[in-house]
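Asker: Sequence first, predicted coordinates after that:
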Amino acid sequence: MLDLRHVAEHLDEVKRELARRGFRDDALFARLADLAEKRKSAITTTETLRAELNQASDAMAAIKDKKSEEFAQKRAELRTLGDRIKEHEGALKEIEGELEDLLLVLPNLPHETTPDGKDEHDNVEVRVVGEKPTYGFEPKDHVDLGLGLGIFDFERAAKISGARFVVLRGLGARLERALMQFMLDVHTGEHGYTEMWTPVLVKDTAMRGTGQLPKFADDSFRIQGGAPYDGDPSKEPAASSDFYLVPTAEVSLTNLHAGEILDGAELPFGYTAYTPCFRKEAGAYGRDTRGIIRQHQFDKVELVRFCTEEQGLDELERLTGHAENILKKLGLHYRVVALCAGDMGFSARKTYDLEVYLPGQGAYREISSCSYCGDFQARRMGARYRPAPKQKPRFLHTLNGSGLAIGRTMVAILEQYQNADGSVTIPEALRPYMGGLERIEPVK
RNA sequence: GGAGGAGUGGCCGAGUGGUCGAAGGCGGCGGUCUUGAAAACCGUUGGGCCGGUGACGGUCCCGGGGGUUCGAAUCCCUCCUCCUCCGCCA
């Protein structure tokens, strides 16, 4: 969420910056500016009346004889005043409610270092790491490889769950588990992250905190009933008592510090967690229907960092490096691209995508997305830090990135490490996690 | 699922209708003392919003929401969370 004050006082600048990412809505901005004005005057009015009432009430407390004529008369007077205050407060509440609704649908401002551009074609390649592997044969894609190895079972997955699901069998399931362990060990052991294990069923407030709601409700799986009603009067109890399946552990991890004030001396720090992730993939009909690139349920090890405003950009480089380190250790060829303003996610100010090379497709595909969100998420969830004792709290700056998406890592390993006979070599770094296994052989 | 109990400032804890944003203690910070430290003593120590260049003023916040009242941390309703006991269970 953007700062109301900032938006109201720099409206044209905000409009210009949001236009960079393709967000244009003059009517919304006009309404916003109007409401911001109304809010101020409504506050002034109610507070003036309040002050009057408080003063008069104190005076009544001083009257000794509560049965006197004077007392009764004052009471009658103040009753009217109280009613007026309630009216004004109701109006103010309505204004603030509408303002918040508007602010919640505004995306984050792109950082000045984020390149201009409309869509993925305008993304900027930052660096290429490793060499594009060459094969003395026609490389297969991960589906043919996985089926040949007997580690994928799409038919049985469809039987129990439908399209966009997979069952991993034998060494495939083992590989999934190995990757999870390997990634968590590297991030905790070498990059200083604290390992967390979190719920994956969260309340709507958590989804709002990181920016999935209210705008992207259609992309999320919603579980009817069960969640505690938080007493938010702007919503029906039924609407807010649903759980959501997290689309990424970013939701669980970042919201951990909602409503808190952290000690600035602790910053920066990071959390890592393995969780399953759930996405409807609405609007992706027909895309990546083959294989396990795009599933309704997938595993991911996530990285989340909290820092100060000053640390933000450096932290993005650092976090991106941590995710890259996994690819490097696995010996996977990849490239880093800076997303252009038009291709960035809702909550991001600046994003690097890590794209791993897939010989089966002859293309680079996203395997991690590392974003710097500034104070956008922290303001939505009220997560702050105190820079130094006695200083005023400020909103935290948050970052998140996949480290990495496990299914896509498996795809990359299968494709990049494939051999002419259809076997797949296990990257050395992973062998300790695979019981020393060096390669997976095709089934007869 | 059933029956009870409780939620107050960083923490502990008092407050049961009126100058209470809230006693007291601990912790934190600053100071006195000390060669240094401890102890002791003194002072200080929440957040949001509105106005003001500022000193500061106003207002709201005692788990969340709503209500009663001239006035609520204190009374009522409701939700949430935690604790104890019973039942059930991976």
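Answerer: Received it, and whenever you're ready, just let me know what you need.
Asker: check contacts around residue A:181.
Answerer: residue A:433 (C-beta atoms under 8 Å, 6 or more residues apart in numbering). Where you see a C-beta, it was placed from the backbone N, CA and C, and this is true even at glycine.
Asker: any idea how far residue A:249 is from it?
Answerer: Plainly put, residue A:181 is 16 Å away from residue A:249 if you go by C-beta to C-beta, to the nearest Å.
Asker: Residue A:410 too?
Answerer: Residue A:410 is 18 Å from residue A:249, by C-beta to C-beta.
Asker: Pick out whichever of the two has more residues nearby.
Answerer: Comparing residue A:410 with residue A:249 by other C-beta atoms under 10 Å, the one with more neighbours is residue A:249, at 26 against 23.
Asker: secondary structure element for the residue nearest to that one when sequence neighbours are not counted?
Answerer: Closest residue to residue A:249 apart from its sequence neighbours, by C-beta to C-beta, 6 or more residues apart in numbering: residue A:302 at 3.7 Å. In this structure, residue A:302 is located in strand A:297-307 according to DSSP states H and E.
Asker: What's the mean pLDDT across that strand?
Answerer: For strand A:297-307, mean pLDDT is 97.
Asker: Return the residues of chain A in contact with RNA strand B.
Answerer: Contacts of chain A with RNA strand B, taken as C-beta under 7 Å from any atom of the strand, map to A:4-5, A:40, A:43-44, A:47-48, A:50-51, A:53-58, A:60-62, A:66, A:75, A:78-79, A:81-82, A:93, A:228-233, A:261, A:384, A:386, A:389-390, A:392-393.
Asker: Counting neighbours, what do you get for residue A:48?
Answerer: Quick note: residue A:48 (other C-beta under 10 Å) scores 12 neighbours.
Asker: Three-state assignment for the closest residue to residue A:408 other than its chain neighbours, please.
Answerer: Among residues not flanking residue A:408 along the chain, residue A:367 sits closest, at 4.7 Å (C-beta to C-beta, 6+ apart). Counting by DSSP: H, G, I helix; E, B strand; the rest coil, the backbone at residue A:367 sits in strand.
Asker: which ones among the residues of chain A next to RNA strand B are found in strands?
Answerer: A:261, A:384, A:386 (DSSP state E).
Asker: From these, keep the buried residues only.
Answerer: For those, a burial check counting by 16 or more other C-beta atoms under 10 Å picks out residue A:384.
Asker: can you list the ones in strands among the residues of chain A next to RNA strand B in CSV and add pLDDT?
Answerer: Compiled in CSV, these are given as follows (pLDDT from 0 to 100):
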residue, pLDDT
A:261, 89
A:384, 92
A:386, 88
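Asker: Write a PyMOL command that selects only the buried members of the residues of chain A next to RNA strand B.
Answerer: Restricted to buried positions by 16+ other C-beta under 10 Å, the PyMOL selection for the residues of chain A next to RNA strand B reads:
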select buried, chain A and resi 4+78+384
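Asker: now, which of the residues of chain A next to RNA strand B lie within helices?
Answerer: Counted as lying in helices by DSSP state H, out of the residues of chain A next to RNA strand B, are A:4-5, A:40, A:43-44, A:47-48, A:50-51, A:53-58, A:60-62, A:75, A:78-79, A:81-82, A:93.
Asker: so residue A:139 touches residue A:414, yeah?
Answerer: No. Residue A:139 is not in contact with residue A:414 according to C-beta atoms under 8 Å; the separation is 10.2 Å.
Asker: These two - which one has more neighbours?
Answerer: Using other C-beta under 10 Å, the more surrounded residue of residue A:139 and residue A:414 is residue A:414, with 29 against 18.
Asker: My read is that the more buried one contacts residue A:146, right?
Answerer: Yes. Counting by C-beta under 8 Å, residue A:146 is a contact partner of residue A:414 at 6.2 Å.
Asker: Just the pLDDT for residue A:134.
Answerer: Looking at residue A:134, its pLDDT is 93.
Asker: Am I right that residue A:353 falls within a helix?
Answerer: No. According to three-state DSSP, residue A:353 belongs to no helix; its state is strand.
Asker: Angles on the backbone of residue A:213, please.
Answerer: phi -110, psi 150 (degrees, to the nearest 10).
Asker: Tell me how far it lies from residue A:345.
Answerer: Separation of residue A:213 from residue A:345 (C-beta to C-beta): 14 Å.
Asker: Who has more neighbours out of the two?
Answerer: A direct count of neighbours by other C-beta under 10 Å for residue A:213 and residue A:345 places residue A:213 higher, at 19 against 16.
Asker: pLDDT score for the more buried one?
Answerer: On the pLDDT scale, residue A:213 gets 91.
Asker: Also residue A:170?
Answerer: For residue A:170, the model assigns a pLDDT of 96.
Asker: what separates the closest residue to residue A:329 other than its chain neighbours from residue A:137, distance-wise?
Answerer: In space, residue A:329 comes closest to residue A:429 once its chain neighbours are excluded; the distance is 4.5 Å by C-beta to C-beta, 6+ apart. Noted for residue A:429: a distance of 25 Å to residue A:137, by C-beta to C-beta.
Asker: Check residue A:5 too.
Answerer: For residue A:5, the distance to residue A:137 - C-beta to C-beta - is 62 Å.
Asker: And residue A:330, by the same measure?
Answerer: For residue A:330, the distance to residue A:137 (C-beta to C-beta) stands at 22 Å.
Asker: Look at these two and report which has more neighbours.
Answerer: The residue with more neighbours, out of residue A:330 and residue A:137, is residue A:330; 23 against 10, by other C-beta under 10 Å.
Asker: so how many other residues sit close to the closest residue to the more buried one other than its chain neighbours?
Answerer: Leaving aside its sequence neighbours, residue A:330 sits nearest to residue A:427 (C-beta to C-beta, 6+ apart; 4.7 Å). Neighbours of residue A:427 under the rule other C-beta under 10 Å: 19.
Asker: Kindly report the same for residue A:346.
Answerer: Residues lying near residue A:346 (other C-beta under 10 Å) number 17.
Asker: ok so it is a helix residue?
Answerer: No. Judged by three-state DSSP, residue A:346 forms no part of a helix; its state is coil.
Asker: wait, isn't it in contact with residue A:214?
Answerer: No. Applying C-beta under 8 Å as the test, residue A:346 and residue A:214 come out as separate, 10.9 Å apart.
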